[in-house]
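**Q** Pasting a predicted model and its sequence here:
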Amino acid sequence: MNEFQEAILKGIPTKLPAKKPLDPNVSHAPKRKDILTPAEKKLALMNALRYFPKENHDLLAPEFLEELNTYGRIYMYRLRPDYKMVARNLEAYPHQSKQAAAIMLMIQNNLDPAVAQHPHELITYGGNGAVFQNWAQYLLTMQYLATMSNEQTLAMYSGHPMGLFPSHKEAPRVVVTNGMVIPNYSKPDDWERMNALGVSQYGQMTAGSYMYIGPQGIVHGTTITVMNAARKVAAPGENPFAGKLFVTSGLGGMSGAQPKAGNISGVITVAAEINPKASRKRHEQGWVDELFSDLDELVIRVREAKEKKEVVSIAYEGNVVDVWEKFHQENIKIDLGSDQTSLHNPWAGG
């Protein structure tokens, strides 16, 4: 048995690992609202400390309170594993059930820094689409999955493993639900409060269900949208795509497919992204062809592409409003304008 398998089977270690500093090489979630009352902060700490024996509470309580005050959430960075977070071959996972091993693979894919939007805050996409609320939940869930049999089912609620229950081989290995709240308590601030308390999370569609497949999941719909929009504004007999300029914003987990959709459609795409880590990730992964951070250079490149009727996608690192204003000043015609922001989280989405 190797170190990775031993770590998975250990779950939350009896001897706590050293406190971990924030990794500057990874994109981190923005600070959430400081929305809890003093009494609610005490409850949030109690909810977080329930994963640990009492002898660790004196050490962890001030640390978790610091995280809550600094970030608006308790992520338990100390417990983030040292092993590489990447989907492995099934046989690399300790398991009694191959179905459970497959779920471990899916979880690690969702948290892979090459995939996830804010991996150390366990956010896969959309700004707050969470796999787990904290690293204790991750460790416990992986331990359960490694030790369960095909005669058991793991019940999950908002990242919290409720426990293993007797079932049978034809039953689901895992039953997952996220963010189960009633309408009267489902306003954005209600979500913020419940998430900060550690009692509910927004799992999006494929983050909290462990099945995220990246921007490829929305290439098709985005491509059809761009193509039909171009056809709609084209003059009779005109090629609706060649040399046409598509300006949009967003290169995060929900919007990273836009440049590829533009290329498939045969247009020139300029996608503005305010987070350099997101734009560079998409460039490294081949979702966007070129990167610019200077508006004057961007103007020169777009003029060249329009003149040659190139099919090219360009990421601009900055605010899309600046792009629109600059193109207006430079008399560059924008044929198609769009935006792909997470409407559930417009200020910190992805």
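**A** That came through fine.
**Q** For this protein, which segments are assigned as strands?
**A** 123-125, 129-130, 152-157, 160-166, 174-177, 245-249, 268-273, 290-292, 312-317, 336-337 (DSSP state E).
**Q** What's the local residue count around the closest residue to residue 133 other than its chain neighbours?
**A** Spatial nearest neighbour of residue 133, chain neighbours left out: residue 159 (4.4 Å); criterion: C-beta to C-beta, 6 or more residues apart in numbering. For glycine as for every other residue, the C-beta is placed from the backbone atoms N, C-alpha and C. For residue 159, the neighbour count with other C-beta atoms under 10 Å is 23.
**Q** Check the one 3 residues further on too.
**A** For residue 162, the count of nearby residues is 12 (other C-beta under 10 Å).
**Q** What sits closest to residue 223 if chain neighbours are left out?
**A** residue 261 (4.1 Å).
**Q** Verify the stated contact: that neighbour with residue 215.
**A** No. Using C-beta atoms under 8 Å, residue 261 is not in contact with residue 215, being 9.3 Å away.
**Q** Contacts only, for the residue nearest to residue 133.
**A** Contacts here follow C-beta atoms under 8 Å, 6 or more residues apart in numbering; on that basis residue 159 touches 122, 130, 131, 132, 133, 134, 137, 141, 178, 201, 203, 208.
**Q** which residues does the fourth one contact?
**A** By C-beta under 8 Å, 6+ apart, the residues touching residue 132 are 122, 138, 141, 159, 201.
**Q** can you rerun that using 10 Å?
**A** 75-76, 107, 110-111, 121-123, 138-141, 156, 158-161, 201, 203, 207-208 (C-beta atoms under 10 Å, 6 or more residues apart in numbering).
**Q** One more: the last one?
**A** Contacts for residue 208 (C-beta under 10 Å, 6+ apart) come out as 110, 122, 124, 129-133, 156-159, 176-179, 201-202.
**Q** hang on, the earlier thing: let me know the distance separating the residue nearest to residue 133 from residue 318.
**A** Separation of residue 159 from residue 318 (C-beta to C-beta, to the nearest Å): 34 Å.
**Q** now do residue 139
**A** 39 Å.
**Q** more crowded one of the two?
**A** residue 139 (23 against 20).
**Q** Pretty sure that one sits against residue 51.
**A** Yes. Using C-beta atoms under 10 Å, residue 139 is in contact with residue 51, at 8.7 Å.
**Q** so what's in contact with the two at the same time?
**A** 11, 12, 76, 79.
**Q** Grab the nearest non-local neighbour of the last one.
**A** By that I understand residue 79. residue 135 (3.8 Å).
**Q** got it, and the first one?
**A** If you skip the residues right next to it in sequence, residue 11 has residue 143 as its closest partner in space, 3.4 Å away by C-beta to C-beta, 6+ apart.
**Q** Correct me if wrong: that neighbour contacts residue 6.
**A** No. Using C-beta under 10 Å, residue 143 makes no contact with residue 6, being 11.3 Å away.
**Q** Report the set of residues contacting both of the two.
**A** Joint contacts of residue 143 and residue 6 (C-beta under 10 Å, 6+ apart) are residue 94.
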